[in-house]
Each structure stands twice: as C-alpha cells, then as structure tokens.
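Q: pasting the structure only:
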C-alpha cells in the first residue's frame, strides 16, 4: 500500500504542472485580457465625453502608449510568456495566489467569502444523494418488476431528463410565490433576520433556503445513483453465493442485508471518500444564478469572463488538487472495503 500511495503522490507533480500549463495557455492567449478591457473602457468613456462636447476630458481619459506599458508592467504582461508561466507555477505551488484584478481583494479572501455557499450545497448534496438513493435502489432491486419498480423508474428517468435549471424555473413558479404557493424562499442563503436567530434556527433557516436549489442540483445524480444501486444489487442477487445461502435455509432478510447489501456497496462506497472531498467545492453556475447563491461556481465563471487571471488560476488549481486527491482516496477505499483486492489490481 505504501509503495502504491508513494507512486500516486509522485504523479501529483506532473499532473498539476500539466493542469497549470493548460489553464495558463487557455486564459493567457485568448483575446480580451485585462489590458484590452481597460483600453476598451477608456475608449468607451472617451466616446461618451466627445458626444457630450467635452473633447479635452475625452483626451485625458484616453490611454497612451506609456500608460498601457505601465499597466502591462503592473500585471506582469511585459515579460515573455515562459517567465509568466514560471511565476504563476511558483506562486500556485507556494500558495501565493495574489490579488484579484477586478475585486481588488486577495484571492484567498474571495474564496473564503464564497466558500459557505459551496460548502452548504456540496455537503448537503452529498449526504442527500447517498441517504436517499441507496435505500431506494435497494427497494427497487428487491421489488424488481413490480409496479413499485416501474413507477419509481419512470419518476427517476423523468427527473433525470429534465435539466436542473428548467426544473428550478418550474419549482419557483409552483412553490416560490409565483402563481401558486409561497412555500420556499427563492433567493439567497439566509433570511434578513438571520443574525438574530439562535444556532438551531439558523440551521433550519439555511436548509429552508436550500430545498429548491438542492432538488435542482441533485436531480441528475439522484437518478444515476439510484439506478446504479439497483443494478448492482440485482446483479449480486443472481450470484451463486446467494443461491447457496437460500438453499441452506438462511432467511431472506438476512441474505439481503448480510450478503447482498455488503457486496453491492463496494462500487458505491469506494467513491465515497473522493466524492465527499470534491463535494465541498462543487457548484452549479446555473443553479447559483437562478437562486441568487453567490458561491465558487459563480465566482469562477465571472472571473473567466473578465479575465481575472489570479482567481481563475487559483480556483482551477484547487479543483485539480481535490480531483487528484479524490481519485487516490477512491483507490484506497477499494482495499479498505474489500481486503481481497490488492493495489496491483487497482493499478491495472
């Protein structure tokens, strides 16, 4: 185990270096960087001043070559791209994420501001998916072919086929005070009187705000996890060890929960650690926008649109680290859950 983990850890460096290089190329060589945006804004303001007749003021607002060079020096664009890449890589690996170009705040402070929303969405989604899909998948497998299985399959597939943001509009229309019932809030993570509430009331208030976003965010993964659980359980129920246990007179409930359930959970539990880690930083741009939840997903999108390079590079670096660690934890869980599996098999 130690040698396998060491090999995977050694692969971290080239993997992260590759991610940093690809992100650097994508965001540095596309048009519309911060310098171009400053120049475009200055030109737009100058045109406005000319239209109002103040030509002198328009000339003062225009950026000359010297000012543009100063901006390039300020943002480090006066250096050749290999030097900029080396500088970015050093800063990321030493956790010096710098300051946002447009928010004028440290990147780490911005992440801390947006993190609570993503934490609530990610952790709630994780537990909701596992706690509901596994029992439902087990029930569908035991009752395979019955009306319960057919009806729940139709409901699950319909939910899977509806995009989350479309479902969000429908839920707001039905339960957000649109045309029918005003049951759930449709904006923000907290109520206006949140600070005046006690801890338990704060918890309930936050969950009340998250009901509709969580439904929209999890409708797709809910269907996948339920179907995976059912198919895995059904496959194990047809194995020889189940037939042998039944032939020996073992009670059906004991066969299901002692043998079938344990073996069926292996493909699900192995991804538990990795999913739990990455869920902390998940975010959906459309869901966050629809329900006015200002999380990491919305921050990343806005940063890409305005070419806020420090925020983009830092967020992608964080997500890449979490993804690599999540895959490593998933591999380790294979051996923890089923000791019969060796790391040689995992590596294959």
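A: Everything's here; your move. From a predicted model like this one, the values you see are computed outputs, not experimental measurements. Numbering: from 1, shown residues only.
Q: domain ranges for the chain, per the record?
A: 2-93, 107-347 (automatic domain parsing).
Q: and the ones you listed as CSV, adding mean pLDDT?
A: Shown next, in CSV, are the domains of the chain (pLDDT from 0 to 100):
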stretch, mean pLDDT
domain 2-93, 71
domain 107-347, 81
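Q: quick one, which of these is packed in tightest?
A: domain 107-347 (a mean of 17; mean count of other C-beta atoms under 10 Å). The C-beta positions use only the backbone N, C-alpha and C, and glycine is treated the same way.
Q: roughly how far is that one from the heart of the chain?
A: 11 Å (C-alpha atoms, centre = their mean, to the nearest Å).
Q: same check, this time on stretch 20-35
A: Stretch 20-35 has its C-alpha centroid displaced from the chain centroid by 22 Å (C-alpha atoms, centre = their mean).
Q: turn the domains of the chain into JSON lines, columns for distance to residue 101.
A: Below are these laid out as JSON lines (distance: least, C-beta to C-beta, whole Å):
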{"stretch": "domain 2-93", "distance to residue 101": "5"}
{"stretch": "domain 107-347", "distance to residue 101": "5"}
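Q: quick check on residue 176: phi, psi?
A: phi -110, psi 20 (degrees, to the nearest 10).
Q: for residue 102, helix, strand, or coil?
A: Following DSSP: H, G, I helix; E, B strand; the rest coil, the label given to residue 102 is coil.
Q: list the contacts for it?
A: 34, 306, 308 (C-beta atoms under 8 Å, 6 or more residues apart in numbering).
Q: could you do residue 237 as well?
A: Applying C-beta under 8 Å, 6+ apart, we find residue 237 in contact with 141, 256, 260.
Q: so which of the domains of the chain gets nearest residue 99?
A: Smallest distance to residue 99 across the domains of the chain (C-beta to C-beta): 6.5 Å, for domain 107-347.
Q: roughly how far apart are the spatially closest residue to residue 164 that is not a sequence neighbour and residue 37?
A: Nearest in space to residue 164, with sequence neighbours left out and distances taken as C-beta to C-beta, 6 or more residues apart in numbering, is residue 216 at 4.2 Å. Using C-beta to C-beta, to the nearest Å, residue 216 is found at 33 Å from residue 37.
Q: again, but for residue 324
A: For residue 324 relative to residue 37 (C-beta to C-beta), the value is 33 Å.
Q: repeat for residue 250
A: Using C-beta to C-beta, residue 250 is found at 70 Å from residue 37.
Q: over to residue 288?
A: For residue 288, the distance to residue 37 equals 24 Å [C-beta to C-beta].
Q: in contact with the residue nearest to residue 98 when sequence neighbours are not counted, which residues?
A: Once flanking residues are discounted, residue 98 sits nearest to residue 310: 4.3 Å by C-beta to C-beta, 6+ apart. Residues near residue 310 by C-beta under 8 Å, 6+ apart: 97, 98, 99, 100, 101, 107.
Q: check the residues you listed and tell me the two furthest apart.
A: Using C-beta to C-beta, the pair of the contacts of residue 310 lying farthest apart is 97 and 101, separated by 12.4 Å.
Q: quick check: phi and psi at residue 106.
A: phi -60, psi 140.
Q: that one: how many residues sit nearby?
A: 14 (other C-beta atoms under 10 Å).
Q: quick check, pLDDT for it.
A: Residue 106 carries a pLDDT value of 90.
Q: number of nearby residues for the nearest residue to it once chain neighbours are set aside?
A: With C-beta to C-beta, 6+ apart as the criterion, residue 106 has its nearest non-adjacent residue at 5.4 Å, and that residue is residue 99. Neighbour count for residue 99, taken as other C-beta under 10 Å: 14.
Q: distance check, residue 99 against residue 93.
A: In terms of C-beta to C-beta, residue 99 sits 18 Å off from residue 93.
Q: the strands in the stretch 51-200 of the chain, which residues?
A: Counting by DSSP state E, counting those that start in this stretch, the stretch 51-200 of the chain forms no strands at all.
Q: now do the stretch 201-348 of the chain
A: So, for the stretch 201-348 of the chain - with DSSP E, counting those that start in this stretch - there are no strands.
Q: which stretches of it form helices?
A: Assigned by DSSP state H, counting those that start in this stretch, the stretch 201-348 of the chain shows helices spanning 240-247, 252-254, 261-264, 266-269, 272-279, 285-290, 296-305, 309-337, 343-347.
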